[in-house]
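Participant: The sequence isn't on hand, but the structure is:
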């Protein structure tokens, strides 16, 4: 199909369109689980964004606003403007908070769980942005394969999402491809000091979730599940930096 451009994304925002991109079948089957759908249903049932975020263990919009203000003042991170993209959006809160900036025209809110795309993201955008909720474009897809032409996006944001990438190198390269010259990624994610040993990281990934956790999150409780099987990855500071520098980013 035709790849999205800055202009077609602005048209999608203006017409309040939801985008559905192709996702590899094995990835779709692995991630489109009943548990994720149940999780979304629970989030929406809370009735408001703050409660839904708390249920997910996600950072709420007020704290995200404070973080953005802090980093822009203290670390001189760039202001948000133009057309943006949120990777692995979940509820889409970071993209929604970024979209509050007057100079932001639209944000592609990219998520691999369809129920978030069709229900949770539009609901959160409506609650937090009101008449400006059109700025958020709910989009089903993978952040390792964007259906966007080269050099079309002004900025990208993500929180606690990229460490789930099955191929972080490809994710970084794909993101660099679609960013305009001077574009940037605003990334908030977990990281380990370089001194942390392989055995420690392996132990974290081999951790088996308690039965109560599985039940709470809607997973089958009759078989054990490790953090590794739940798509977690543990990444050191130098590994983050190396991947993004090799993709072309200035870190």
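Facilitator: Looks like it arrived, so ask away. No experiment lies behind these values; they were computed from the predicted model shown.

Participant: Can you tell me which residue is spatially central in the protein?
Facilitator: Per C-alpha atoms, centre = their mean, the C-alpha nearest to the average position across the chain is that of residue 88, at 2.3 Å.

Participant: Next one: that one from residue 238, what distance?
Facilitator: 23 Å (C-beta to C-beta, to the nearest Å). Heads up, the C-betas are built off the backbone N, CA and C, glycines and all.

Participant: Any stretches of the stretch 51-200 of the chain with poor pLDDT?
Facilitator: Counting by pLDDT under 70, the stretch 51-200 of the chain contains no low-confidence residues.

Participant: and residue 173, how many neighbours?
Facilitator: With neighbours defined by other C-beta atoms under 10 Å, the count for residue 173 comes to 17.

Participant: Contact partners for it?
Facilitator: Contacts for residue 173 (C-beta atoms under 8 Å, 6 or more residues apart in numbering) come out as 247, 248.

Participant: For it, give me phi and psi.
Facilitator: Main-chain dihedrals, residue 173, degrees, to the nearest 10: phi -70, psi -40.

Participant: Reduced to three states, what does the residue nearest to the centre of the chain come out as?
Facilitator: Classification of residue 88 by DSSP: H, G, I helix; E, B strand; the rest coil places it in coil.

Participant: hang on, it packs against residue 163?
Facilitator: No: counting by C-beta atoms under 8 Å, residue 88 sits too far from residue 163 to count as a contact (9.5 Å).

Participant: measure the nearest residue to residue 48 once chain neighbours are set aside to residue 102 for me?
Facilitator: The shortest distance from residue 48 to any non-neighbouring residue, by C-beta to C-beta, 6 or more residues apart in numbering, is to residue 127 (6.7 Å). Distance, residue 127 to residue 102, using C-beta to C-beta: 19 Å.

Participant: These two: which has the busier surroundings?
Facilitator: Neighbour tally, residue 127 and residue 102, criterion other C-beta under 10 Å: the higher count belongs to residue 127, 16 against 9.

Participant: these two touch, right, that one and residue 49?
Facilitator: Yes: judged on C-beta under 8 Å, residue 127 makes contact with residue 49 at a distance of 5.3 Å.

Participant: ok, longest strand in this structure?
Facilitator: Longest strand in the chain by number of residues (criterion: DSSP state E): strand 179-188.

Participant: what's it packed up against?
Facilitator: helix 61-74, strand 153-159 (3 or more C-beta pairs under 8 Å, 6 or more residues apart in numbering; DSSP states H and E).

Participant: closest to residue 215 out of these?
Facilitator: With C-beta to C-beta, the closest approach to residue 215 among these belongs to strand 153-159: 26.1 Å.

Participant: in the stretch 51-200 of the chain, which spans are strands?
Facilitator: 82-86, 104-111, 136-140, 153-159, 179-188 (DSSP state E, counting those that start in this stretch).

Participant: any idea how far residue 218 is from residue 127?
Facilitator: For residue 127 relative to residue 218 (C-beta to C-beta), the value is 23 Å.

Participant: Ignore what I typed, I meant residue 46.
Facilitator: 15 Å.

Participant: still on that earlier bit, let me have the strands of the stretch 51-200 of the chain in TSV, extended by mean neighbour count and distance to residue 67.
Facilitator: Listed next are those as TSV, based on neighbours: other C-beta atoms under 10 Å; distance: least, C-beta to C-beta, whole Å:
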stretch	mean neighbour count	distance to residue 67
strand 82-86	26	14
strand 104-111	26	17
strand 136-140	26	19
strand 153-159	23	9
strand 179-188	16	7
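
Participant: can you put the ones you listed in CSV and add distance to residue 207?
Facilitator: CSV is the format used below for these (distance: least, C-beta to C-beta, whole Å):
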stretch, distance to residue 207
strand 82-86, 28
strand 104-111, 25
strand 136-140, 30
strand 153-159, 22
strand 179-188, 23
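
Participant: still on that earlier bit, nearest to residue 17, of the helices and strands packed on strand 179-188?
Facilitator: Of the helices and strands packed on strand 179-188, nearest to residue 17 by C-beta to C-beta is strand 153-159, at 17.1 Å.
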